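K.L.:
quick one, what's the 3D model for this:
(chains A and B)
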Amino acid sequence: MRRFTAVALVASLGLLPALASRADDPPANAKVEVPYRLTETKHIMVRGKLNGKGPFNLIVDTGAPAVFITKGVAEKAKGKPDEKGWVDFDSFELEGGLKVPAARGRVEDLVQLDGMNSMGLAGIELHGVIGYNVLAKYRVEYDLTRDRLTFEHLPKFDPPPLVPLGGKGNEGIQSMGPMVKMMAAFLGLKPNFETAPRGFSGFEYAEKDGKVTVKAVLPGSPAATAGLKAGDVITGVKTDSIDSGKDLHRALAKAGTGTKVRFHVSRDGKEEEIVIELGKGL
Amino acid sequence: MNTAIKLVLFAVLAGVSPCPTSGAAPEKDAPKLEAKSVVVPFELLKSRHMALQVKINGKGPYRVIFDTGAPTNLLNNKVAKEAGVLTKADKGGLPLFGAASGAKTIKEFEVGGVKLEGMNTMVMDHPTVAAIAEAVGPIEGLIGYPFFARYKMTIDYEKKEMTLTPNGVEPGDAMSSLQAKLMGSLSAPKDKKAEPTILAPAGVWGFAVDKEEKDEDAGVKVTEVLAKSPAAEGGLQAGDRLLTLDGRWTDSLGDTYFAASKVAPGKPAVLVVKRAGKEVKLTVTPAKGL
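P.N.:
Numbering: from 1, shown residues only, chains lettered A, B, ... in the order given. The predicted structure follows:
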C-alpha cells in the first residue's frame, strides 16, 4: 500500500514540470487592454509596432478584409511584400501589449488614408488599417466611455480564410485619389500634425470652496525658482480669474515651454504677482 | 466653395478600406433607445465583411455591412426611397455617385431587437458597396459609428454575434464638424504657420524626459526627477529609460505627454522603465498640479 502511494506521488509529481511549463505561456484567453483614440474623423485608431518599428497609427476597421499598410510604412518596417502585395510580419504588436502571432497584411496606398492625410483631416497621421484577418482572432470589446479596447484571444477559433472575389473591386473609389489631392491643393489645405509639450510649473494645489491653494512647490522647479510658496492662494493667471483647478488648467492649456506666465496670488492677505517661466517636465 | 469641401469630404470619408466604405453624417436630435443589452447575430460574408439584417422605417429587412471604419451610415438611393428616408422633395445635390446633399434621418432603425429613433445616414450609391454586392449578393448600405458609438459592443467572430449594451454616448457630428474645421483652416491667414497642438498632462508628476533625434530605441530618457514629487515617491530615477506610462508606449516626448494627459490626478499608473538592463515596474500617482 505504501509503495502504491509512493508510486502515485511520483506519478503526480511527474506531471508538475509539464504544468509548470504550460503556466509559462500566456493564458490563451488573456484579455489585453489596448488604448485607442477617436480621431476627428470618428475613426477608432490604435497604435502598432510592425517588426519592432513604429509606432504606426492604424484604424480598427471591420470593413476591411485584412491589415493594410501604406508603402511608406512597409519600407520603414522593412516588410517586403510578395508579388501579390502581401507581407508577413515577423512581429505585430499593438499598444497595451497585444502580440498578434503570424500576422499578414497588404501593402497598398489607400486613397482614403492619402486623402485624410493630405488635409490632416483626422488630426493625426494615419498609416494603415487593421481588418478581418487579425480582428477575427479576438473577441473585441468597444466602449467609447472608456479609453481602451479589450482584446480577448479566441483560442479554439480558426477564422475562415480570405477568398478571392473577382469583380471590379476598388477601382471606383481609388480613381478619385488624384482628384482629392488636387482639390486639397486647390483649397490650400495643409495637414498640421505638430505637437508640443505644455510648459512645466512644478507645484501641487488643493481646491476648496472656490479657492485654489498651493499645497506644495517641488524643489528646484520653475515655480520654486519664481518664488511661489505653499499656502499661496492663486486668484488669477494672466487676465483670467481662477476659482478652480479647471480654470487653472484652462489658463495654461496652450502655454508651451519657455512661456512666461503671470500668476496673481494672495499671500498672508497681500496680493502678489509671480512670473513663472515654464520649463521642461511634467 | 462649400460644394468643393463637401465633395472632398465625401470622397475621403467614404470608407477607409479598399473593399469597404462609409461616409459622414450629422446628428441633430438625440436618438432614443431602449436600455437593455441585446445579442445580435451577424453573417460573415464571403468578402469577410460582417452583414446585419436591418429594418428601416419598418421596411426591409435589408442586408447592410457593419463597418467600424465608417464614420457615418450609408444607404443606397433605392432603399432610401423605398423606406422613405428620401422623399420626393429630395433631389441629388452632389455630382458624385448620386449622393444626397447632407445627412438624412432614419426615423426608425431596427436590428435584432434593438430599436433606435432618429439616426442619421448619408444616401449615396457607393461604387465599392456595389462591387461587393456584385460578389456576395444584395448589400444596401453601411452601418458604422453613429450606430455603434452608442453601445458597449463586443464582436465575436467565433459565435458570429455582437453584444450591445447602451452606454449613453451620443455620437458627434462627423461631417459638419469636419466641414467647420476645413472652413476654419481656409479662412486662416495663409502666411502664418499653424500652431502645434499643446499636449497637457492632467496632473503633476515631477520628472522630465528627453530624446535625441538619432535615438531610435524604444522609450525616452528620464533626465530629471524632482525631490518629493509623485515620481520620486514612486521610485522613478534619473537615467531610467521610460518605456510605457499607464500601458501606453512612450517612444517620443509627444507620446509621453499624451499618455500623461490621459491619467487623472490621484489615479495610480504603472510606469515600465528599463534600469541597468532590466525592466522595472513602478507605480506613480500624479497629484493635482501642473
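
K.L.:
distance of the residue in chain B sticking out farthest from the centre from B:Q237?
P.N.:
Residue farthest from the centre of chain B, counting by Cα atoms, centre = their mean, is B:A227 at 40.1 Å. As judged by Cβ to Cβ, to the nearest Å, B:A227 and B:Q237 stand 12 Å apart. Using the backbone N, CA and C atoms, a C-beta is placed for each residue, glycine as well.

K.L.:
what does B:A231 give?
P.N.:
Here B:A231 is placed at a distance of 9 Å from B:Q237 (Cβ to Cβ).

K.L.:
who has more neighbours, those two?
P.N.:
B:A231 (29 against 14; other Cβ atoms under 10 Å in any protein chain shown).

K.L.:
next one, pLDDT for the more buried one please.
P.N.:
Looking at B:A231, its pLDDT is 98.

K.L.:
which SS state does it fall under?
P.N.:
Look at B:A231: counting by DSSP: H, G, I helix; E, B strand; the rest coil, its state is helix.

K.L.:
residues contacting it?
P.N.:
By Cβ atoms under 8 Å, 6 or more residues apart in numbering or on different chains, the contact set of B:A231 is B:W205, B:G206, B:F207, B:V225, B:V284.

K.L.:
in contact with the third one, which residues?
P.N.:
B:F207 is in contact with A:G281, A:L282, B:V222, B:E224, B:V225, B:L226, B:S229, B:A231, B:A232, B:L236, counting by Cβ under 8 Å, 6+ apart.

K.L.:
give the bridge partners for it, please.
P.N.:
B:V225 (DSSP bridges).

K.L.:
what do B:A231 and B:Q237 both touch?
P.N.:
Counting by Cβ under 8 Å, 6+ apart, the residues touching both B:A231 and B:Q237 are B:V225.

K.L.:
and the residue of the stretch 51-200 of chain B found nearest chain A, its phi and psi?
P.N.:
Chain A sits closest to B:P127 of the stretch 51-200 of chain B, with a gap of 2.7 Å, by Cβ to the nearest Cβ. Main-chain dihedrals, B:P127, degrees, to the nearest 10: phi -60, psi -30.

K.L.:
so what's the closest residue in space to B:L245 that isn't next to it in sequence up against?
P.N.:
Distance criterion Cβ to Cβ, 6 or more residues apart in numbering or on different chains; nearest residue to B:L245, sequence neighbours excluded, is B:A259 at 4.1 Å. Shown in contact with B:A259 (Cβ under 8 Å, 6+ apart): B:T244, B:L245, B:D246, B:R248, B:W249, B:T250.

K.L.:
how about B:W205?
P.N.:
Counting by Cβ under 8 Å, 6+ apart, B:W205 makes contact with A:G281, A:L282, B:S229, B:P230, B:A231, B:A260, B:V284, B:P286.

K.L.:
in TSV, list the residues you listed along with distance to B:T165.
P.N.:
Rendered in TSV, the data for these read as follows (distance: Cβ to Cβ, whole Å):
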residue	distance to B:T165
A:G281	41
A:L282	36
B:S229	40
B:P230	35
B:A231	38
B:A260	31
B:V284	33
B:P286	31
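
K.L.:
which one of these has the most neighbours?
P.N.:
B:A231 (29 neighbours).

K.L.:
gap between that residue and A:E277?
P.N.:
On the measure of Cβ to Cβ, B:A231 and A:E277 end up 21 Å apart.

K.L.:
and A:S266, by the same measure?
P.N.:
In terms of Cβ to Cβ, A:S266 sits 22 Å off from A:E277.
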